[in-house]
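S.K.: Give the three-dimensional model of this entry:
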Amino acid sequence: MESATIAIVGAGIIALVWAYVQFKIIAKIPVVSLGDIPITDDVNSQANAFIAVNENEITETTSRLIEVYEAIYEGADSFLKAEYKVCFQFIALFGVVVLFLVSWGSDWDFYQGGLTALSFWLGALTSMASGYLGMKVAVYSNVRTTISAQMPGYTSCFNTAFRAGAVMGFALCGMGLLMLYFTLLAYRMHYSDPKDWVVLTEVITGYGLGGSCIAMFGRVGGGIYTKAADVGADLVGKVVHGIPEDDPRNPATIADNVGDNVGDVAGMGSDLFGSFAEATCAALVLGSSIGKDGDWDGLMFPLIVSAVGIVVCLLCSFLATNLIPVKKEEDVEKALKLQLISTTVFMVGAIFFTAYSYLPETITMTSIGGDDFELVYYKAWICVSLGAVGGLIIGLVTEYYTSHSYKPVREVANACKTGAATNMIYGIALGYKSAIIPVFVLAFVIFGSFTLCDLYGVSLAAIGFLSNLATGLTIDVYGPVCDNAGGIAEMAELDPSVREKTDALDAAGNTTAAIGKGFAIGSAALVSLALFGAFVSRIQRASGNTLFDNGVDMLEPLTFAFLVIGGMIPFAFAAMTMKSVGVAAMEMVMEVQRQFDEKPHLLDENPSERPDYDACIAISTNASLREMIAPGAMVIFTPLLTGLVFGVKAVSGLLVGSLISSIQLAISMSNSGGAWDNAKKYIEKQPADSDLKGKGSDIHKAAVVGDTVGDPFKDTSGPALNIVMKLMAVLSLVFADAFYALNKGNGMLNIS
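M.R.: Purely as a prediction, here's the structure:
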């Protein structure tokens, strides 16, 4: 058995076991309000009393907790089932397209077409399983985080939310790694000759395509769902009627909390799974020559990096839960940030020994321009390290622009003094400005890794960005869990101190979520560039180096024309998704206002009946399923039709143009939205006699408007742009041979 198999399979199993252990710890917390248990200052004795409580001792408060928890669970479950029903239909049909076009492009090699289609289906199903698992874990843990927040201190509630994220993070990484590696081992039985491993790496690219397609629908559909409910609830509830966020009197509040799980957890899980799959597939294609002499361990180096990352993330997680536990509010953000920094530092050291152990001492590879270069283990280590450190820098820069601990967000908060308009101006300017440093960091990482190891080095840098994916996912899921925990506390009418505690956890979660988005955008940029390089490499092989023999000439008329068209695609996509949120939010606003008009007593301090939550859930569900189709279809079919009609030169321009504008737009939109959100939270923390007047003031209302506009910026359009650049690139890679088969790469119109 190869040592790569031991490392990869071992790490995958460790990840799944660790996820299960974290889940069992969470499961020990009974869904019973702590209000019925005597409160003591001794955290340990309090915890023992808490765990020993009989779950059958149902009180009115506990009954409300269970009612809200079940409503959120049923809403999230029903939406994902409806969404995945559409996804199943899509992958069944599109899988046939993959089978036909790949077989045709490979001179009717149905083994190649069939295995690529099977990879596509496996990637799609794994992505769907990742999203569904994330939703289940998040909903299961939300209410338990609320209950833990009733205990003294911050340790218990932080650990509960953090462990919920760890279940998702480690389960997804373990499942994705094992599924991909076992698929490679199965395919190797057919492609047993190392000379055929080039084809093996090409058929596995379907795995990345399947994951990315589901990520597109998950991110867009979930994003529309959550922001339609959020915007509708804010506009009618907070702005018009002045009732608090997550107030049980607001008919849209359950839909809002459901949206956190289907958008910020399930959609994000599918997104990052897609990044992992695509980055690995690109690295395998570009590094396929490593295996030409039978060096399976060296070929599998990208997967081994991910395996090492799982172990490093697991060890570093003890810093947050055991070695340096969170004891007060100020510790929360420090603990989360320490996770990102510590995993990056330890990964840099661990990857040196990994590269030394698994890569050949030196191997000659061919660059994308046709020249030979020497791959040495320490060069590969530098490339991975550039990605890991670059990701951390982008994350910390993102924190600076989105945390209210720093000047930029406080400037946005002060701009609210003169109304919503100046708040909007400052927020948009902040987003544009925040793109400057990350772009320079990406440029440096690309230059350094490309210089050292050509495009294989860029793919390794992308792997480096995602090397601590388990920790990144843990922190990303932590935020929505805390957000939902606060919503449940408000709707169950628990003591206000519980909501204050969950809000403190959520505020740190918002910042770290923004950091996570910075990681995701940076990794998506490198993944897309690596996939583009793999596309060019595959065209070179298909054409016998008659096309792109010296790389891509951007000054070719057709390439240059489609470069401009590609730059437009992200803006068209952002427009479609933003408008979709607006359309769905308008429906939600009308429904909430209708209920208030027909039942004015709902706005009483203690109304005698509950609003119709199901009507709002149905609006979000139907709107998201309806509105996600058009933007998803545009991203999927634009490169496909471009390649078939205009040829590979047009596709090259399209991919580069889309990549360049997606990076800038994704960073600016995500950071503007994050800044508006935290500016609002900063104002809410101020006392009524301060300059910012605090909660309920006109300044606060201006901040709420900015936060409402920022919701689709940071949670729908911005994050989904990651998938735009990745999906277009991986789709072009999978169908590269088919594009070349049509008039030798000149397309139906035969434009040479």
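
S.K.: Which element, helix or strand, includes the residue nearest the centre of the chain?
M.R.: For the chain, the residue nearest the mean C-alpha position is residue 268 (3.4 Å; C-alpha atoms, centre = their mean). Using DSSP states H and E, residue 268 maps to helix 268-286.

S.K.: Residue 363 too?
M.R.: With DSSP H and E as criterion, residue 363 is part of strand 362-366.

S.K.: excluding its backbone neighbours, what's nearest residue 388?
M.R.: Spatial nearest neighbour of residue 388, excluding adjacent residues (C-beta to C-beta, 6 or more residues apart in numbering): residue 464 at 4.2 Å. Quick note: C-beta positions are derived from backbone N, CA and C, even for glycine.

S.K.: quick one: secondary structure of that neighbour?
M.R.: Applying DSSP: H, G, I helix; E, B strand; the rest coil to residue 464 yields a three-state assignment of helix.

S.K.: Repeat that for residue 610.
M.R.: Under three-state DSSP, residue 610 comes out as coil.

S.K.: And it, how far from residue 491?
M.R.: According to C-beta to C-beta, to the nearest Å, residue 610 stands 10 Å off from residue 491.

S.K.: and for these two, which residues touch both?
M.R.: residue 248 (C-beta atoms under 8 Å, 6 or more residues apart in numbering).

S.K.: Any stretches of the chain with poor pLDDT?
M.R.: Within the chain, the segments meeting pLDDT under 70 span 1, 34-58, 237-240, 245-246.

S.K.: Helix or strand next in line after the longest helix along it, which one?
M.R.: Criterion DSSP state H: the longest helix present in the chain is helix 496-543. Downstream of helix 496-543, the next assigned helix or strand under DSSP H and E is helix 557-598.

S.K.: Now residue 524: closest residue in space, sequence neighbours ignored.
M.R.: residue 722 (3.8 Å).

S.K.: Would you mind confirming that that neighbour makes contact with residue 520?
M.R.: Yes - at 5.4 Å, residue 722 counts as touching residue 520 under the criterion of C-beta atoms under 8 Å.

S.K.: who touches both of those two?
M.R.: Joint contacts of residue 722 and residue 520 (C-beta under 8 Å, 6+ apart) are 271, 275.

S.K.: okay, the two: which has more neighbours?
M.R.: Taking neighbours as other C-beta atoms under 10 Å, residue 722 and residue 520 compare with residue 722 leading, 30 against 27.

S.K.: and that one, what does it touch?
M.R.: Per C-beta under 8 Å, 6+ apart, neighbours of residue 722: 219, 271, 275, 520, 521, 524, 662, 666.

S.K.: mind listing what the last one touches?
M.R.: By C-beta under 8 Å, 6+ apart, the residues touching residue 666 are 521, 524, 570, 718, 719, 721, 722.

S.K.: PyMOL command to pick out the buried ones of the contacts of residue 722?
M.R.: Applying 16 or more other C-beta atoms under 10 Å to the contacts of residue 722 leaves a buried subset, and the PyMOL line that selects it is:
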select buried, resi 219+271+275+520+521+524+662+666
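
S.K.: and of the contacts of residue 722, the nearest to residue 614?
M.R.: Residue 614 lies nearest to residue 219 out of the contacts of residue 722, by C-beta to C-beta, at 25.2 Å.

S.K.: Distance of that closest one relative to residue 437?
M.R.: 25 Å.

S.K.: Over to residue 280?
M.R.: Residue 280 is 28 Å from residue 437, where distance means C-beta to C-beta.

S.K.: Ok, residue 380 next?
M.R.: 26 Å.

S.K.: Which one of these two is surrounded by more residues?
M.R.: A count of neighbours by other C-beta under 10 Å puts residue 380 above the other of residue 380 and residue 437, at 30 against 17.

S.K.: isn't the more buried one right next to residue 360, touching?
M.R.: No - in this structure residue 380 lies outside contact range of residue 360 using C-beta under 8 Å: 10.3 Å.

S.K.: Compute the inter-axis angle for the strand holding residue 363 and helix 496-543.
M.R.: 70 degrees (axes from the mean of the first three to the mean of the last three C-alpha atoms, to 10 degrees).

S.K.: Can you name every helix or strand that strand 362-366 contacts?
M.R.: strand 372-376, helix 436-465 (3 or more C-beta pairs under 8 Å, 6 or more residues apart in numbering; DSSP states H and E).

S.K.: at 6 Å what do you get?
M.R.: strand 372-376 (3 or more C-beta pairs under 6 Å, 6 or more residues apart in numbering; DSSP states H and E).

S.K.: which parts of the strand it packs on are buried?
M.R.: Buried residues in strand 372-376 (16+ other C-beta under 10 Å): 373, 375, 376.

S.K.: could you say what helices and strands that strand packs with?
M.R.: Using 3+ C-beta pairs under 6 Å, 6+ apart, strand 372-376 sits against strand 362-366.

S.K.: got the angle for the strand it packs on vs strand 372-376?
M.R.: Using the same axes, to 10 degrees: strand 362-366 against strand 372-376 is 140 degrees.

S.K.: Report the distance from strand 362-366 to the chain centre.
M.R.: With C-alpha atoms, centre = their mean, to the nearest Å as the basis, strand 362-366 stands 34 Å off its chain's centre.

S.K.: Likewise for stretch 482-492?
M.R.: On C-alpha atoms, centre = their mean, the centre of stretch 482-492 falls 23 Å from the chain's centre.

S.K.: go on, stretch 213-227?
M.R.: 11 Å.

S.K.: residues of it that come out buried?
M.R.: 213-227.

S.K.: Out of those residues, list just those in helices.
M.R.: Reading helices off the buried residues of stretch 213-227 with DSSP H, I get 213-227.

S.K.: How many residues are close by the nearest residue to residue 135 once chain neighbours are set aside?
M.R.: Closest residue in space to residue 135, ignoring its immediate chain neighbours: residue 266 at 4.4 Å, by C-beta to C-beta, 6+ apart. By other C-beta under 10 Å, 32 other residues sit near residue 266.

S.K.: Show the contacting residues for residue 266.
M.R.: 131, 134, 135, 218, 222 (C-beta atoms under 6 Å, 6 or more residues apart in numbering).

S.K.: switch the cut-off to 8 Å
M.R.: Contacts of residue 266 by C-beta under 8 Å, 6+ apart are 76, 80, 131, 132, 134, 135, 218, 222.
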